[in-house]
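*Asks:* What follows is a predicted protein model with its sequence.
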Amino acid sequence: MSFTVFEVATALGAEAFGDGDIVITGASEPASARANDLALAMDPKYAEGLSEGAARAAILWEGADWRALGLEAAIVVPRPRYAMSGLTALLDRGPEIALGIHPSAVVHATAVIGASAAVGPLVVVGPRVKIGASARIASHVSIAEDTEIGSDAVIHSGARIGARVTIGDRFVCQPGVVIGADGFSFVTPEKSRVEEARASLGAKTEAVNQSWTRIHSIGTVHIGDDVEIGANSTIDRGTIRATTIGDRTKLDNLVHLGHNVSVGNDTLLCGQVGIAGSTKIGNRVVLGGQVGVSDNIFVGDDVVAGGATKIMSKVPAGRVILGYPAMKMEQYLEAGRNWRRLPRLIDDVKALKKAVLSDDKDD
């Protein structure tokens, strides 16, 4: 895989300077760059590394003097991190899977595999599955009956996709993902201790002898277009209706969506986010790492939750929240300052109390 500097600049929609015919075979940090690497010096603080490496061309920040930096060519970008998305897409080879169906794969006779698809070793595709054109499915993936996956999917090794799941185009699924497992839903013949505790806010917590009975998950999962799901994430199927993920939403590693959860479009769920059953997450929401969301609530559009926030009740659209329990970020930061003052406050109260008692004795 190789590109000229001009070709890279065109792919990024950026401007190239100098010798645009230099061939690029990879990208690198400036100090460790080889002659055919494109050095990534998108900020002045990385400039000195160019003299340590051997790169002839680099991506630079706006206004950089590429000649003074000893380069033969340069690509200048206005927004470096966004340029990284285009550059890495250009250079990413993806999983190496031969076109066609590997001899060790088990594909049911009623399954339909689209044109130019690649199905790797030991893949199992169930009855009536439909897989779109140019899909790439790596080894040890299983896809259960009646599932439909759109075109240009990339499904990495070890993913498990359950029955009757529907997935849109350009789906990216990292290793170990499980989509369409049963939801965690159990019930007792009589009112459970959990229900009593919730109704009484913990005042009634008498232990009872109870057994749990499964509520089966006969719903499914619907996933939109351009969705990406990180390694070892799990999406439970709905109890009756579907668990849903909207277009262009991205899930990090180890994210869990419970049964009947609905996630909107363009939402970002970072590592170890957990969303309990029947909760609705709006569009363009960002939940930082280890955010937990309670069941049966609503998180509005454009909400941003900082890492480790615990959301126990509904959040209106546009709010930025932090903490446990979640509150407006500015309120949480002020509360944090007050918590740090508590030891001093307690000492002051003790001193005042001692002074008052001393005055009483003097009287």
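*Replies:* Thanks, I have the structure now.
*Asks:* How is the chain partitioned into domains?
*Replies:* Domain segmentation of the chain under automatic domain parsing yields 3-91, 333-362.
*Asks:* most packed of those domains?
*Replies:* Of all the domains of the chain, domain 3-91 has the most neighbours on average by mean count of other CB atoms under 10 Å, namely a mean of 17. Every C-beta, even on glycine, is put in place using the N, C-alpha and C of the backbone.
*Asks:* ok, back up a step: just so I know, which of the domains of the chain lies nearest residue 196?
*Replies:* Smallest distance to residue 196 across these (CB to CB): 31.3 Å, for domain 333-362.
*Asks:* Check which helices and strands the helix or strand where residue 82 lies sits against.
*Replies:* Here residue 82 sits within helix 80-91, counting by DSSP states H and E. In terms of contacts (3 or more CB pairs under 8 Å, 6 or more residues apart in numbering; DSSP states H and E), helix 80-91 is packed against helix 5-12, strand 26-28, strand 37-41, strand 57-61.
*Asks:* hmm, try it at 10 Å
*Replies:* strand 3-4, helix 5-12, strand 23-24, strand 26-28, strand 37-41, strand 57-61, strand 73-77 (3 or more CB pairs under 10 Å, 6 or more residues apart in numbering; DSSP states H and E).
*Asks:* what about the stretch 151-300 of the chain, any weak spots by pLDDT?
*Replies:* For the stretch 151-300 of the chain, residues meeting the criterion pLDDT under 70 lie at 204.
*Asks:* if we can go back for a sec, tabulate the domains of the chain (TSV), appending distance to residue 299.
*Replies:* Formatted as TSV, these follow (distance: least, CB to CB, whole Å):
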stretch	distance to residue 299
domain 3-91	26
domain 333-362	21
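*Asks:* Lowest average pLDDT across the ones you listed?
*Replies:* Of all the domains of the chain, mean pLDDT reaches its minimum on domain 333-362 (a mean of 86).
*Asks:* Now the helix or strand containing residue 179: buried residues?
*Replies:* Assigned by DSSP H and E, residue 179 belongs to strand 178-181. Within strand 178-181, the residues scored as buried using 16 or more other CB atoms under 10 Å are 178-180.
*Asks:* mind checking which helix or strand residue 317 is in?
*Replies:* Applying DSSP H and E, one finds residue 317 in no helix or strand.
*Asks:* Return the residues in contact with it.
*Replies:* Residue 317 makes contact with 282-285, 298-303, according to CB atoms under 10 Å, 6 or more residues apart in numbering.
*Asks:* how much space is there between residue 82 and residue 303?
*Replies:* 23 Å (CB to CB, to the nearest Å).
*Asks:* re earlier: sort out which of the contacts of residue 317 are buried, if you could.
*Replies:* Buried among those (16+ other CB under 10 Å): 282-285, 299-303.
*Asks:* So which of those are in strands?
*Replies:* Secondary structure from DSSP state E places residue 299 of the buried ones among the contacts of residue 317 in strands.
*Asks:* Let's see which of the buried ones among the contacts of residue 317 end up in helices.
*Replies:* Among the buried ones among the contacts of residue 317, none falls in helices (DSSP state H).
*Asks:* could you redo the buried ones among the contacts of residue 317 as CSV and give each row distance to residue 198?
*Replies:* Shown next, in CSV, are the buried ones among the contacts of residue 317 (distance: CB to CB, whole Å):
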residue, distance to residue 198
282, 25
283, 30
284, 31
285, 26
299, 20
300, 24
301, 28
302, 30
303, 24
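*Asks:* returning to what we had before: closest to residue 20 among the buried residues of strand 178-181?
*Replies:* Out of the buried residues of strand 178-181, the member with the shortest distance to residue 20 (by CB to CB) is residue 179, at 44.0 Å.
*Asks:* what sits against that closest one?
*Replies:* 143-144, 147, 159-162, 165, 167, 171, 173, 220-221, 223, 229, 233-237, 243, 245, 257.
*Asks:* helices and strands around the lengthiest helix in the chain, which ones?
*Replies:* In the chain, assigned by DSSP H, the helix with the most residues is helix 329-362. With contacts defined as 3+ CB pairs under 10 Å, 6+ apart, helix 329-362 has these neighbours: strand 320-322, strand 327-328.
*Asks:* if we can go back for a sec, most widely separated two among the contacts of residue 317?
*Replies:* 284 and 298 (14.7 Å).
*Asks:* Name the nearest residue to residue 73, sequence neighbours excluded.
*Replies:* Computed as CB to CB, 6 or more residues apart in numbering, the closest residue to residue 73 that is not its neighbour in sequence is residue 18, at 3.6 Å.
*Asks:* Can you tell me how far the one you found is from residue 58?
*Replies:* For residue 18 relative to residue 58 (CB to CB), the value is 10 Å.
*Asks:* which residues are in contact with both of the two?
*Replies:* What both residue 18 and residue 58 touch, as defined by CB under 10 Å, 6+ apart, is the set 5, 66, 71-75.
*Asks:* Just flag the most distant two among these.
*Replies:* Between all members of these, the farthest pair (by CB to CB) comes out as 72 and 75, at 12.2 Å.
*Asks:* so what sits against both of those two?
*Replies:* Residues touching both residue 72 and residue 75 by CB under 10 Å, 6+ apart: 5, 17-18, 20, 57-58, 66.
*Asks:* hmm, back to that, including distance to residue 359, could the contacts of residue 317 go into TSV?
*Replies:* Listed next are these as TSV, based on distance: CB to CB, whole Å:
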residue	distance to residue 359
282	59
283	62
284	60
285	57
298	55
299	54
300	55
301	59
302	57
303	53
